[in-house]
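Visitor: no sequence on this one, just coordinates:
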């Protein structure tokens with residue numbers, strides 16, 4: 001058989017990842033959801049664990065919109081009207097009315113001229129960034145940027161890539177000074193909110209530094225931010241890191257799969273940039289888009305976020321995240337001060353992280369341990385994610401078991 005020689009190599013790799021503790025192992029299968037009761041939020045049911053219900057502390061659906069009746073109804077109505085899938089890529093016959101409506105709504109939401117959607121935020125990052133990079137471009141990236149950014153930059157062929165220390169604006173400044181006169185274009189790319197820590201990029205400081213160098217590069221200096229964890233969590237109106245820092249990137253990439261609770265990714269920018277990306281981004285041109293029903297659901301979720309109800313959900317999730325952080329500090333645990341619903345419990349040891357995650361699971365709490373190579377050795381953690389589904393009793397339940 002053709003795979004006979006390859007399979008032992010793959011098996012050895014899997015065994016090594018298991019030995020070192022980095023293998024993801026088996027995925028837990030959610031089979032149901034119990035509604036809130038007795039002051040607690042919903043509980044989740046798992047395959048193989050009948051009779052037990054779990055507090056879920058590892059969901060990206062920060063505002064709980066994945067179970068909002070209006071979002072579900074919008075998806076069901078669109079599926080009945082348009083069918084289950086798009087049937088083609090966008091430029092053939094896969095563009096449906098909800099796609100156009102959502103793109104315009106996203107552009108308005110971010111105060112941009114235009115937006116375009118992708119099947120996922122990962123696809124958006126991979127599709128957008130390489131198209132902005134030439135052989136005469138310097139790319140500068142934060143050390144803790146998401147895996148999608150790292151792989152997008154590997155796919156590109158820039159003049160040079162440089163990484164600055166996490167949030168180290170002085171090092172960013174030094175890199176830009178070093179390459180002045182050497183390249184035509186610069187792309188500075190950062191996460192808005194860093195997904196393992198819940199801290200956010202100081203876009204105001206990044207913009208200030210970049211503005212000083214803007215005229216020194218023939219084709220300009222572009223700031224791109226992946227704000228997938230920021231949209232719907234940061235800023236008084238949930239506009240994300242731009243709103244929180246009162247600064248503006250040139251290009252915003254984000255997701256519908258976190259605070260909006262649905263699926264899909266997007267980019268918002270000037271119309272010329274979006275028109276160019278529609279003609280060049282392979283993850284857009286050659287891949288099916290979000291389904292019309294997902295798109296309709298995302299549009300409804302965005303409308304909820306941008307309303308009084310959405311403001312209430314934002315306030316609720318921030319309040320409960322603050323309670324969890326305060327509780328961790330009071331109990332002598334180490335975490336990171338932030339206002340984001342990602343609340344990391346910093347442990348710094350892979351074995352201790354695994355043991356604590358296992359203990360939480362025994363006590364019917366779903367939490368995710370983050371270890372090497374997702375984070376550097378010595379920075380292992382448990383990433384708790386607070387959502388609007390949680391109640392104060394849920395947070396107390398978690399803290400008691402910790």
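Guide: Received it, and whenever you're ready, just let me know what you need. These numbers were taken from a predicted model, which means no experiment stands behind them.
Visitor: all strands for the stretch 51-200 of the chain, in order.
Guide: Taking DSSP state E, counting those that start in this stretch to define them, one finds strands in the stretch 51-200 of the chain at 55-56, 114-118, 137-142, 160-164, 185-191.
Visitor: Throw these into TSV and include mean neighbour count, distance to residue 214 and mean pLDDT, thanks.
Guide: Every C-beta, even on glycine, is put in place using the N, C-alpha and C of the backbone. Supplementary listing: the strands of the stretch 51-200 of the chain in TSV, determined by neighbours: other Cβ atoms under 10 Å; distance: least, Cβ to Cβ, whole Å; pLDDT from 0 to 100:
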stretch	mean neighbour count	distance to residue 214	mean pLDDT
strand 55-56	22	45	98
strand 114-118	24	22	98
strand 137-142	23	14	98
strand 160-164	17	18	98
strand 185-191	25	9	98
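Visitor: so which of those strands is nearest residue 399?
Guide: Each of these was scored for nearness to residue 399 using Cβ to Cβ, and the closest is strand 55-56 (11.6 Å).
Visitor: so who does residue 310 touch?
Guide: 63, 238, 304 (Cβ atoms under 8 Å, 6 or more residues apart in numbering).
Visitor: how much space separates it from residue 68?
Guide: When Cβ to Cβ, to the nearest Å is applied, the distance between residue 310 and residue 68 equals 10 Å.
Visitor: pull up the overlap in contacts between these two.
Guide: Contact with both residue 310 and residue 68 is made by residues residue 304, according to Cβ under 8 Å, 6+ apart.
Visitor: tell me if I'm right that residue 43 and residue 53 touch.
Guide: Yes. Residue 43 is within contact range of residue 53, at 3.5 Å (criterion: Cβ atoms under 8 Å).
Visitor: between these two, which contacts overlap?
Guide: Shared contacts of residue 43 and residue 53, defined by Cβ under 8 Å, 6+ apart, comprise 34, 364.
Visitor: could you dump the strands of the stretch 51-200 of the chain into a markdown table and include distance to residue 372?
Guide: As requested, those are arranged in a markdown table below (distance: least, Cβ to Cβ, whole Å):
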| stretch | distance to residue 372 |
| --- | --- |
| strand 55-56 | 25 |
| strand 114-118 | 30 |
| strand 137-142 | 19 |
| strand 160-164 | 18 |
| strand 185-191 | 19 |
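Visitor: mind checking which of those is nearest residue 319?
Guide: Among these, if distance is taken as Cβ to Cβ, the winner is strand 55-56, at 17.7 Å.
Visitor: still on that earlier bit, of the contacts of residue 310 - the most surrounded one?
Guide: Using other Cβ atoms under 10 Å as the contact criterion, the top neighbour count among those goes to residue 63, which has 27 neighbours.
Visitor: what sits against that residue?
Guide: The contact partners of residue 63, by Cβ under 8 Å, 6+ apart, come to 232, 259, 260, 261, 304, 305, 310, 313, 314, 317, 387, 388.
Visitor: mind putting those in CSV, distance to residue 134, pLDDT and secondary structure included?
Guide: Converted to CSV, those look like this (distance: Cβ to Cβ, whole Å; pLDDT from 0 to 100; DSSP: H, G, I helix; E, B strand; the rest coil):
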residue, distance to residue 134, pLDDT, secondary structure
232, 33, 97, coil
259, 34, 97, coil
260, 33, 98, coil
261, 37, 97, coil
304, 40, 98, helix
305, 36, 97, helix
310, 40, 97, helix
313, 42, 98, helix
314, 40, 97, helix
317, 41, 97, helix
387, 41, 98, coil
388, 43, 97, coil
